[in-house]
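*Asks:* just to be clear, the model below is a prediction. Sequence and coordinates:
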Number of protein chains: 2
Amino acid sequence: MPKNEIQNLALRRALFFPSAEIYAEKIAGFFDFGPIGARIRRKIIEVWRKKLVEKENFHEIHGAQILPEKVFIASGHLANFNDPVIQCKKCHSIFRADQLIQETIKIVVPESISTNELDALIKKHKINCLKCNSNDFTETKQFNMMLALDIGATGKQKAFLRPETCQNIFLNFKRIYALEQKLPLGIAQAGSSFRNEIAPRNTLLRERELGQMEIEIFFNPKKINEIEENKWNEVKDYKLRMLLLKEGLTEKSCDELVKKKIVSGKLIAYYLARLQQLYEAFGIPVEKMRFRELEEEARAFYAKETFDFEVETDLGFIELVACNYRTDHDLKGHSKESSVDLSVIEDKEKFIPHVFELSAGIDRTFYVVLDNSFRKEKRGSEERIYLNLPITLSPFDAAVFPLVKKDGLKEKALEVFEFLSSYGFSLIFEENASIGRRYARIDEIGVKYAITIDYDTLKDETITLRERNSMQQKRIKIKELPEFLWLLLNEKKDF
Amino acid sequence: MPKNEIQNLALRRALFFPSAEIYAEKIAGFFDFGPIGARIRRKIIEVWRKKLVEKENFHEIHGAQILPEKVFIASGHLANFNDPVIQCKKCHSIFRADQLIQETIKIVVPESISTNELDALIKKHKINCLKCNSNDFTETKQFNMMLALDIGATGKQKAFLRPETCQNIFLNFKRIYALEQKLPLGIAQAGSSFRNEIAPRNTLLRERELGQMEIEIFFNPKKINEIEENKWNEVKDYKLRMLLLKEGLTEKSCDELVKKKIVSGKLIAYYLARLQQLYEAFGIPVEKMRFRELEEEARAFYAKETFDFEVETDLGFIELVACNYRTDHDLKGHSKESSVDLSVIEDKEKFIPHVFELSAGIDRTFYVVLDNSFRKEKRGSEERIYLNLPITLSPFDAAVFPLVKKDGLKEKALEVFEFLSSYGFSLIFEENASIGRRYARIDEIGVKYAITIDYDTLKDETITLRERNSMQQKRIKIKELPEFLWLLLNEKKDF
């Protein structure tokens, strides 16, 4: 849906909004999620946990967000996590040099371009300041995006907010590996990362505090093609939508990806497939997805092989997940700087494990899920807006309404609410406005099932269960409702 | 259990450990949670959400952790969120002056004591440096515990990491209130806060990055005694364990608390009761709890009335939840600094809502839950260690084992695992070592139910279900297992 429709819905229902918005001094790139938005966002993490992390027996950790300086010397972030910045000498506006060029003359600027080359491009194409139209810029400088902190009463302990959640994972590798001592080992984490973006924009798509759900898979590089046969059989004919440097857009089975050496091995193809399946579970149609192969200059400084998983929206293709083959870059760096040996021994051979990473953006995924699920339909003279969310992302398991607020129906609805709550269901109770208006309100936030208590309920202990998309209704006995709902929610029963 | 037992268990099973521990430069006061620890920690938040936030129809938000400077001018944190610091002139060690006095001469130093009074106490009692024994200290200075950041390419936007999660709640009050426009309104948030503690210690009990789950209840101060009758009836005879300034330790019903004016009104008594019930659900016996009334000098700078909810452990009473009557302090401050009117209109009267807060520490609760659930029993010559966690805090719904790893039992176990997973259960699969050893491993991390696949399973499709505490076993048909487990987990069935 168009960006302004997302923003209208987001503000109308407080899904997300600028942080500290009551202050003129609010800082761009920070967002808060209201009650319904926070629920949908949490469900996204839960589905990732259930359908990818737990299904693949990965280990999920929860780490500190502040880490000492040495960690980022080791990881390379202090030297390399930079964006090129220029400033207009006249009005002092600041721009990301690559973005300014890209947007003004519509060319793609590679990630690894030098500051001299950027200056040359700006001169050559006579690019002007977007604010005051001057063409008198400072020279391009590298600007480090890490956010620094001084810890302790003397302020002598220099630290940084993590720019990616995975650094905790690398630091904890030794301890988690010690638990079972086998590879491949997947370690996951969901949480915030922090980047001092020069130009945050498009709400959740470029934030300074961003949600990430990251998975690092540690493996023996000699065994990149050794994967359990039953696992491989599950994906080998499954097709991925690839945007390849040589071939352009194409569909390839996992088996082809390996045989044609488009990926370095079966392990990588397998997890790309699992990732595409996760986003199918988020309700995104496969036709909108692609894995974009990145050329060397466009890859992050730590990556040997990168596929950006992108989904098409009204704003174009949005990168949701970076799939990076990080090799032994991180463990090697931390081994060196900490003087702690992070190698393992397998088949009598000592080596530093390699890492394949699935680094997903939570907030970007949230945005794209909204974009994709938004529906607007004419119903007679009215407009029906609903979010076609899969049941697993529904902010509530069901809504419970009294048909009218009299004759004991409200009390009966409360009783049903309490009864279902006691089975662990999460429910919403919209009791104001007409029944049609209440359906409209829950449709708009993607609640899939609604339970209505009416006069018949008082006579025969049955309720009406309504399904959001089809608007079909069923009559069900209250005492059978918990099991019925439980089976629906686990997709064990069709409505 | 003794502190060293917690640390042993924590390290043995990677429940929690110092962040960036492989580096000599690791910073005190930061902890990471390993796979099992992160699960139990998450369950604590989920139980808080289910049994308190959702049950009371509070709205949970998810806000940015970095907020602009103005927010903390308004909240008073920049002026008042200080700890008194002194430095030894000889060895340059830094101490919290109040703690140094408290620990050296065993007296209670009130929170509001002045720096001059602290200097006088140090002189009077001839207190020496704990490191080098010198008594030559600098004068006590107020040290602000906020962690500062510069945001943006020019670094001109001064910001701070939030020292409490509730500041997002106050900033979002207007927007969330607009959704339903009624008081009382509860807004909740779980997440990290950051405090530049001078002396972090006791692992999770005094951290620099700390988990908080906070609830702010906004209400009309004239209606502090107006609470729905059915709600009040549920708690009015429920007894709270109070440590009162005048009476010492005593049990009081909610009704007595109000009638004897120990609390400002029914609303406060009601939520204190709900809080005590939450900690009962965490498995803490009521006899170990108390609400400690704080005298004026000991309260936080924003609080008119404070009860610290404390639980007894081997380290003494630990404060887990601060229950603060913050009056209109926060909304008034933000109204003034932002020039946005945060008052509401009720009964034709315009006023700024008052706030009652339940501010719980996630990591402290985690520590105390471990401490309380730890059991060590002799079984013949062996020692049996288990965590007596309530099922709602069990890191997994159940464990699934093959009796032995041969004759197809392993494959059958995998099949049962997949079958149960498809119903949304979270499971663990311990397949190495003897069956006794495997029980020991899951007992130690508090998993309540174990499912064993044996030779009979292959014949009649039944499994053995074992309960952790009683070690009782039951034979159950696989196809009946999902519903059986689901009812057990929701406490709808006894084992």
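*Replies:* The structure has been received and is ready for your questions. Just so you know, these numbers come straight off a predicted model, no measurement behind them.

*Asks:* model confidence over the one helix or strand A:R290 maps to, on average?
*Replies:* A:R290 is part of strand A:289-293 when elements are defined by DSSP states H and E. Per-residue pLDDT over strand A:289-293 has a mean of 97.

*Asks:* which strands and helices sit next to that strand?
*Replies:* With contacts taken as 3 or more Cβ pairs under 8 Å, 6 or more residues apart in numbering or on different chains; DSSP states H and E, strand A:289-293 sits against strand A:239-244, helix A:266-281, strand A:305-313, strand A:316-327. All C-beta atoms are positioned from the backbone trio N, CA, C, and that covers glycine.

*Asks:* need the ones you listed in a markdown table (columns: distance to chain B).
*Replies:* Putting the helices and strands packed on strand A:289-293 into a markdown table (distance: least, Cβ to the nearest Cβ, whole Å) gives the following:
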| stretch | distance to chain B |
| --- | --- |
| strand A:239-244 | 24 |
| helix A:266-281 | 13 |
| strand A:305-313 | 22 |
| strand A:316-327 | 18 |
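
*Asks:* same list (these) but as a markdown table, adding distance to B:E480.
*Replies:* Formatted as a markdown table, the helices and strands packed on strand A:289-293 follow (distance: least, Cβ to Cβ, whole Å):
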| stretch | distance to B:E480 |
| --- | --- |
| strand A:239-244 | 39 |
| helix A:266-281 | 28 |
| strand A:305-313 | 41 |
| strand A:316-327 | 40 |
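
*Asks:* so can I have JSON lines of the ones you listed showing mean neighbour count and mean pLDDT?
*Replies:* Formatted as JSON lines, the helices and strands packed on strand A:289-293 follow (neighbours: other Cβ atoms under 10 Å in any protein chain shown; pLDDT from 0 to 100):
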{"stretch": "strand A:239-244", "mean neighbour count": "19", "mean pLDDT": "97"}
{"stretch": "helix A:266-281", "mean neighbour count": "22", "mean pLDDT": "98"}
{"stretch": "strand A:305-313", "mean neighbour count": "21", "mean pLDDT": "96"}
{"stretch": "strand A:316-327", "mean neighbour count": "20", "mean pLDDT": "96"}
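
*Asks:* now what about stretch A:245-256, what contacts it?
*Replies:* If you take Cβ atoms under 8 Å, 6 or more residues apart in numbering or on different chains as the criterion, stretch A:245-256 is touched by A:232, A:235-244, A:260, A:262, A:266, A:269-270, A:272-273, A:290, A:293, A:295.

*Asks:* could you redo the last one with a cut-off of 10 Å?
*Replies:* Stretch A:245-256 is contacted from outside by A:232, A:234-244, A:258-260, A:262-263, A:266, A:268-273, A:286, A:290-296, A:298, using Cβ atoms under 10 Å, 6 or more residues apart in numbering or on different chains.

*Asks:* ok so, going back, give the pairing partners of the strand holding A:R290; include direction for each.
*Replies:* Sheet pairing for strand A:289-293, assigned by DSSP bridges, gives strand A:239-244 (parallel), strand A:305-313 (antiparallel).

*Asks:* how about the ones you listed in CSV, adding distance to A:K126?
*Replies:* Below are the strands paired with strand A:289-293 laid out as CSV (distance: least, Cβ to Cβ, whole Å):
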stretch, distance to A:K126
strand A:239-244, 33
strand A:305-313, 32
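
*Asks:* out of those strands, which comes closest to A:L15?
*Replies:* Nearest to A:L15, of all these, is strand A:305-313, at 16.2 Å by Cβ to Cβ.

*Asks:* okay, the angle between the closest one and helix A:266-281?
*Replies:* Strand A:305-313 and helix A:266-281 are oriented at 10 degrees to each other (axes from the mean of the first three to the mean of the last three Cα atoms, to 10 degrees).

*Asks:* now strand A:305-313 against strand A:316-327, angle please.
*Replies:* Using the same axes, to 10 degrees: strand A:305-313 against strand A:316-327 is 160 degrees.

*Asks:* still on that earlier bit, out of the helices and strands packed on strand A:289-293, which is closest to A:P163?
*Replies:* Ranking the helices and strands packed on strand A:289-293 by proximity to A:P163 (Cβ to Cβ) places strand A:316-327 first, at 13.0 Å.

*Asks:* other SSEs contacting that closest one?
*Replies:* helix A:166-180, strand A:209-219, helix A:266-281, strand A:289-293, strand A:305-313, strand A:354-361, helix A:362-373 (3 or more Cβ pairs under 10 Å, 6 or more residues apart in numbering or on different chains; DSSP states H and E).

*Asks:* outside of the next helix or strand after it itself, list whatever touches it.
*Replies:* The helix or strand immediately downstream of strand A:316-327 is helix A:329-338, counting by DSSP H and E. With Cβ under 10 Å, 6+ apart as the test, helix A:329-338 has contacts from A:70-76, A:166-167, A:169-171, A:173-174, A:216, A:218, A:300-304, A:328, A:340-344, A:352-355, A:357, B:20-26.

*Asks:* this completes my enquiry, with thanks.
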